[in-house]
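Chemist: structure, please.
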Amino acid sequence: MKRLYTLLVLSLLFQSSLYAQKKNDQGFRDYTNAVLWQQHSGELRALTFQAYNFARLSLLEQLKTADTTKKNAVVVDIDETVLDNSPFQGKELRKGLSYSQADWEDWTSKGLADTIPGALGFLKFAARFNVEVFYVSNRLTSEAAGTLKNLQHFGFPNADAEHLLLNSGTSDKEPRREKIGEQYNILLLCGDNLSDLSNVFYRENKNTKEEVDRAWQLFGTKFIVFPNPMYGDWEKQLYKGKDLKEKEKADQRLEALKTY
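Modeler: Predicted coordinates:
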């Protein structure tokens, strides 16, 4: 009887091990360190404070030469630029997922995201100089209520429907930026993704690194970039094929590593 019990326990442990291994093989755990870094590192806070400190200095410089026939504005992305969604990413990983749109919309509807360090202080600083803030995000228009609830909870300036430009059918932000530019001087653009700044980096099929090098003088002056190791357009360049499963993406990520 004792031997039978031992065999049963070993069998259950083996099955549990196989299940855990199967979950790991799905590739979602590749993102664990990125989310942990976003949530726990002092470096993340230091980098975002540094970026927003540069934004303050650059804003003052831009105001000196701004077109006086237009009002002034800064354009900011929302996710990982002014609001921290790492708790959502953490919950997805606990569920064995990398991303679920339904889960994402549930998260944004709650309006629970904390602020990115330095964001609120900078945008209030901009408002003191009568610089309006436009929030240009690829959250869906159906997420507007939860998004405004979140921004208004912290007292972000211009957190209203007029200044919130969401995805109403295209993830291309250029038309929204152009619309703002018709009436405003866009003094700064802030985002964690290069597509938050210009289409030239990812959407025009050009070499991203070459375009970044070409625009080097704009970073820290006109373009303010924030760290986000959790997701972004940069990752899409790693993958070949469509409708890839997470395990296939994980394999291609491994293959893309530079070695010696």
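Chemist: so for residue 38, what's the nearest residue that isn't a sequence neighbour?
Modeler: residue 86 (4.4 Å; C-beta to C-beta, 6 or more residues apart in numbering). Bear in mind the C-beta positions are built from the backbone N, C-alpha and C, glycine included.
Chemist: got a list of what residue 185 touches?
Modeler: 62, 66, 67, 70, 71, 72, 73 (C-beta atoms under 8 Å, 6 or more residues apart in numbering).
Chemist: against residue 71, how distant is it?
Modeler: Distance of residue 185 to residue 71, given as C-beta to C-beta, to the nearest Å: 7 Å.
Chemist: residue 126 now?
Modeler: Residue 126 is 12 Å from residue 71, by C-beta to C-beta.
Chemist: for the two, work out which one has more neighbours and name it.
Modeler: residue 126 (24 against 13; other C-beta atoms under 10 Å).
Chemist: mind checking the SS state of the more buried one?
Modeler: helix (DSSP: H, G, I helix; E, B strand; the rest coil).
Chemist: now do the phi/psi pair for the closest residue to it other than its chain neighbours.
Modeler: Nearest non-adjacent residue to residue 126, counting by C-beta to C-beta, 6+ apart: residue 74, 5.5 Å away. Main-chain torsions, residue 74, degrees, to the nearest 10: phi -120, psi 150.
Chemist: who's in contact with residue 74?
Modeler: 55, 59, 123, 126, 131-134, 186-190.
Chemist: mind putting those in JSON lines, secondary structure, distance to residue 105 and pLDDT included?
Modeler: Shown next, in JSON lines, are the contacts of residue 74 (DSSP: H, G, I helix; E, B strand; the rest coil; distance: C-beta to C-beta, whole Å; pLDDT from 0 to 100):
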{"residue": "55", "secondary structure": "helix", "distance to residue 105": "30", "pLDDT": "98"}
{"residue": "59", "secondary structure": "helix", "distance to residue 105": "33", "pLDDT": "98"}
{"residue": "123", "secondary structure": "helix", "distance to residue 105": "25", "pLDDT": "98"}
{"residue": "126", "secondary structure": "helix", "distance to residue 105": "29", "pLDDT": "98"}
{"residue": "131", "secondary structure": "coil", "distance to residue 105": "31", "pLDDT": "98"}
{"residue": "132", "secondary structure": "strand", "distance to residue 105": "28", "pLDDT": "98"}
{"residue": "133", "secondary structure": "strand", "distance to residue 105": "24", "pLDDT": "98"}
{"residue": "134", "secondary structure": "strand", "distance to residue 105": "23", "pLDDT": "98"}
{"residue": "186", "secondary structure": "strand", "distance to residue 105": "29", "pLDDT": "98"}
{"residue": "187", "secondary structure": "strand", "distance to residue 105": "32", "pLDDT": "98"}
{"residue": "188", "secondary structure": "strand", "distance to residue 105": "29", "pLDDT": "98"}
{"residue": "189", "secondary structure": "strand", "distance to residue 105": "26", "pLDDT": "98"}
{"residue": "190", "secondary structure": "strand", "distance to residue 105": "24", "pLDDT": "98"}
